[in-house]
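Colleague: Need the 3D shape of this:
(chains A and B, ligands or ions: 1)
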Amino acid sequence: MTRKRIHLAAHFPGVNNTTVWADPRSGSQIDFASFAHLARTAERGKFDFFFLAEGLRLRELKGRIHDLDVVGRPEALTVLSALAAVTERLGLAGTVNATFNEPYELARRLSTLDHLSDGRAAWNVVTTSDAFTGENFRRGGYLDRADRYTRAAEFVRLSRELWDSWQPGAHLADKSRAQFVRPAAIGTVHHEGPHFAVEGEFTLPRSPQGHPVIIQAGDSDEGREFAAATADVIFSRHGTLEDGRAFYADVKSRLARYHREPDQLKIMPAATYALGDTEEEAAENAAAIRRQQVGPQTATAFIEQVWGRDMSAYDPDGPLPDVEPDLSEGVSQGRVPFGDRAAVAAKWRALAEEKKLTIRELVIEVTGRQTFVGTPAGVARQIDEHVQADAADGFILVPHLTPGGLDEFVDRVVPLLQERGAFRADYTGTTLREHLELS
Amino acid sequence: MTLHLAVALDGAGWHPAAWREASARPEAIFSARYWAELVAEAERGLLDFVTIEDSLSLQSTLLDGPDGRADQVRGRFDAVLLAARLAPLTSRIGLVPTATTTHTEPFHVAIGIATLDHVSGGRAGWRPQISARSTEAAHFGRRPFPRLDGSFSIDDEHVRALFAEAADAVEVVRRLWDSWEDDAEIRDLATGRFIDRDKLHYIDFAGRFFSVRGPSITPRSPQGQPVVTALAHARLPYEFAAGGADIVYVTPHSADQARAIVEEVRQLSAELRVFADLVVFLGDDAAERKARLDRLDGAELRSDAAIFTGTPEELAELLLTWRRAGIEGYRLRPGALPYDLEAITRGLTAELRGRGAFRRSYEAMTLRGLLGLPRPASRYAEVS
Ligand SMILES: Cc1cc2nc3c(=O)[nH]c(=O)nc-3n(C[C@H](O)[C@H](O)[C@H](O)COP(=O)(O)O)c2cc1C
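Modeller: Numbers count the residues shown, from 1 in each chain, chains lettered A, B, ... in the order given. Prediction:
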């Protein structure tokens, strides 16, 4: 069997506590220079794409805007279009919600980005549709959970109809024959479905990729099925070896039903990392980053989300108090819920007692340790092993610092991945589809 | 005092046959480079800003619905994304895309234009526009619109409602732009807070067409309030512009008309800047060039704005004459690109400069700065 090629993407540090702002090296989360620096670094590292997340309502805790984490971000496609001017090969992926957008408008924006970047556009289709976010939109939070992916699927199908509606070569620009477009080469789309009724002509010629790359990030059964039927890339949270292999096998096995080959859907889990010159130093760096990510107030905020009550009276550097969770209603809005809070609380309490952890140590222990910790050679080996073992086709790397958080990875890990023959030494194609080896 | 000069970029220029001129590059219209060259030329000419046209349907010679014509430019980019693509390639010129208010989400428009302001370092503007056509409504399928026909009137109830909705959209967008105070980001190590949430504000807009809670997800942009501009030909859009815009583009066909329009606008607003739109064909052979294009297109060019043919010197005289009628700036629509754009940036600006009426270098870093508009504090900021 031939060695699998690794695919890499760079996630702009997000609006959560993974991103460390209380560090002298932490720069602006909104200045274009920060986006340009990260994108250029990713391109220097020959990454497949640069990735922006989205959240259309500021997160709240106890009915007030959450103020401990980085907050504030730009409109994704607008920044990506600007980044197309300062990069040449890097794919440009934006998260855009299928619930709070309309196909004609969004398909047109994505086609525009694909034209303006010479074929580097990707859309991460997310489906969040809570009433909380809906308060910022005309349509409100009207969509039942069950309808989210049927809408998303119809949305993507309709977008592809629109992208295909100008025949290849429709734009002639033939002065002598007075044909700007080839007559009758602009088709009319007639779409009538449960979610959309759209009729008319699209305003753009077929874009360089034909269809911008579709990414999916959702974990439910419906989400996986939608990805198997529709997506080119899955952005998952399954970054560990075992978990990754199970997810990979599950999703790839769903492809045959849609007459798709396993390599037509790339699986790229989110991954964080900490590097050091020795294994010990890497472990120390990893722990130091975790302490920065979980400050005292953040630790309190975390247990408040699980316990569902005000815990600010308790010292985060002291023990977990002997109070029961309040299960009546959640205290947080706009973030992924914790699931069965009673069970989570019981598990956390047991762990705290067993290891004699303070509140802050507990939160550090139970939330997101780095995916990869080690020397550059060790991390390169781990990444390659994950990919060769079918736990992933590559990773979407999430640095903890803006804008320099990717520098060391690109300077020190990428060359070793290249030496291993597992990662491109240079771009061989111009479009994102080519980077991802998608037809 | 310097005149303000903008150019309106669209397709191969404002004559429908302009793409067939020898100097036109119609094969490149769907490339970034085409637009980058045009906006670089405009910036070399020290113009205040460029506008970029847009619409949610294909161009047509009919009032509503496709005309099936293949002999004119068809197809357009999303203007906000195009403006963003041009931002890193320019450094001083303002970028003013059109974004429609009828079928779009005010929240998305607000963060899109705010983001354009961030990526351009404070050079963003917005031209809100209504979409009255049934063709566009059919692209969304949410509400049926009557087909517009020859009896179309700006006073129709349908159109009045669209302007009312546009006014609400502008209000929502402006509130969202103010919903983060400038100093909301504090990075306070002692309390672990990244922001002072008392400086983030719900906008709680509830109107006839939509309600929006806020705050924006995008921090306040360099200009605070990007420049809002509106094209207007009648009382209703004048009122819309007076209610929410910084600049109104009007379409007088003579100095007397210009004076009358300025008077009418001034009754509605003392602050609104009044620019005039003009379609321009420039050069010694301008009239012949236009006549040739008319022949190619099979029809005489018609426009809502006055059509000027003549030398840059003659145009400079006209602009200064209308200025005495109260017009503060112009948005020129080049008949053919790049020809008439270069005649503006090289010929017209030199003529105006010779008369002491145009800048010799950019005097500000932001679009508001070029226009002499102060940077406003957020409406939600406590005055201490
Ligand atoms: C790795 C990952 C990243 C995600 N990023 C976003 C995001 O940026 N914005 C968003 O609104 N939702 C995001 N989501 C949420 C998903 O789109 C989806 O709405 C959510 O996971 C619920 O769908 P599910 O029930 O299929 O899991 C993300 C999900 C995953 C797994």
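
Colleague: burial of the single nearest residue of the stretch 301-439 of chain A relative to chain B, as a residue count?
Modeller: Here the residue of the stretch 301-439 of chain A nearest chain B is A:Ala301; by Cβ to the nearest Cβ that distance is 9.1 Å. For every residue, glycine as well, the C-beta is placed using N, CA and C. The burial count assigned to A:Ala301 is 25, neighbours taken as other Cβ atoms under 10 Å in any protein chain shown.

Colleague: Any figure for the gap between it and A:Gly394?
Modeller: 33 Å (Cβ to Cβ, to the nearest Å).

Colleague: So the residue located most distally from the centre of chain A: helix, strand or coil?
Modeller: Counting by Cα atoms, centre = their mean, the extreme residue of chain A relative to its mean C-alpha position is A:Ser176, 48.0 Å from that point. Secondary structure state of A:Ser176, per DSSP: H, G, I helix; E, B strand; the rest coil, is coil.

Colleague: The closest residue to the ligand within the stretch 251-384 of chain B: what's it in contact with?
Modeller: Checking the stretch 251-384 of chain B residue by residue against the ligand with Cβ to the nearest ligand atom singles out B:Tyr380 as nearest, at 26.4 Å. Counting by Cβ atoms under 8 Å, 6 or more residues apart in numbering or on different chains, B:Tyr380 touches B:178-179, B:181, B:201.

Colleague: can you rerun that using 10 Å?
Modeller: B:175, B:178-181, B:199-203, B:215 (Cβ atoms under 10 Å, 6 or more residues apart in numbering or on different chains).

Colleague: Note down every partner strand of the lowest-mean-pLDDT helix or strand in chain A and its orientation.
Modeller: Of all the helices and strands that make up chain A, strand A:332-333 has the lowest average by mean pLDDT, DSSP states H and E, namely a mean of 79. Under the criterion DSSP bridges, strand A:332-333 sits next to strand A:60-61 (antiparallel) in its sheet.

Colleague: low-confidence ranges in the chain?
Modeller: Using chain A. Across chain A, the stretches falling below the confidence threshold (pLDDT under 70) are A:1, A:336.

Colleague: The chain in question should be chain B.
Modeller: Using pLDDT under 70, the flagged stretches of chain B are B:383-384.

Colleague: can you give me the strands for it?
Modeller: The residue ranges that make up the strands of chain B, judged by DSSP state E, are B:4-9, B:49-52, B:94-100, B:125-129, B:185-188, B:193-195, B:205-206, B:211-212, B:227-231, B:247-250, B:273-282, B:306-310, B:329-334.

Colleague: any chance of those strands in CSV, with distance to A:Phe132 and mean neighbour count too?
Modeller: Rendered in CSV, the data for the strands of chain B read as follows (distance: least, Cβ to Cβ, whole Å; neighbours: other Cβ atoms under 10 Å in any protein chain shown):
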stretch, distance to A:Phe132, mean neighbour count
strand B:4-9, 40, 25
strand B:49-52, 35, 26
strand B:94-100, 26, 26
strand B:125-129, 27, 26
strand B:185-188, 23, 16
strand B:193-195, 19, 22
strand B:205-206, 17, 14
strand B:211-212, 13, 22
strand B:227-231, 29, 24
strand B:247-250, 37, 26
strand B:273-282, 40, 25
strand B:306-310, 51, 18
strand B:329-334, 42, 25
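
Colleague: of all those strands, which lies closest to A:Leu417?
Modeller: strand B:193-195 (33.7 Å; Cβ to Cβ).

Colleague: tell me which strands and helices that closest one is in contact with?
Modeller: Under the contact definition 3 or more Cβ pairs under 10 Å, 6 or more residues apart in numbering or on different chains; DSSP states H and E, strand B:193-195 sits against strand B:185-188.

Colleague: The strand it packs on close to chain A?
Modeller: Yes - using Cβ under 10 Å from any Cβ of the partner chain, strand B:185-188 comes into contact with chain A via B:185-188.

Colleague: Now the two most distant members of these.
Modeller: Distance extremes for the residues of strand B:185-188 next to chain A: the farthest pair is B:Glu185 and B:Asp188 at 9.9 Å, using Cβ to Cβ.
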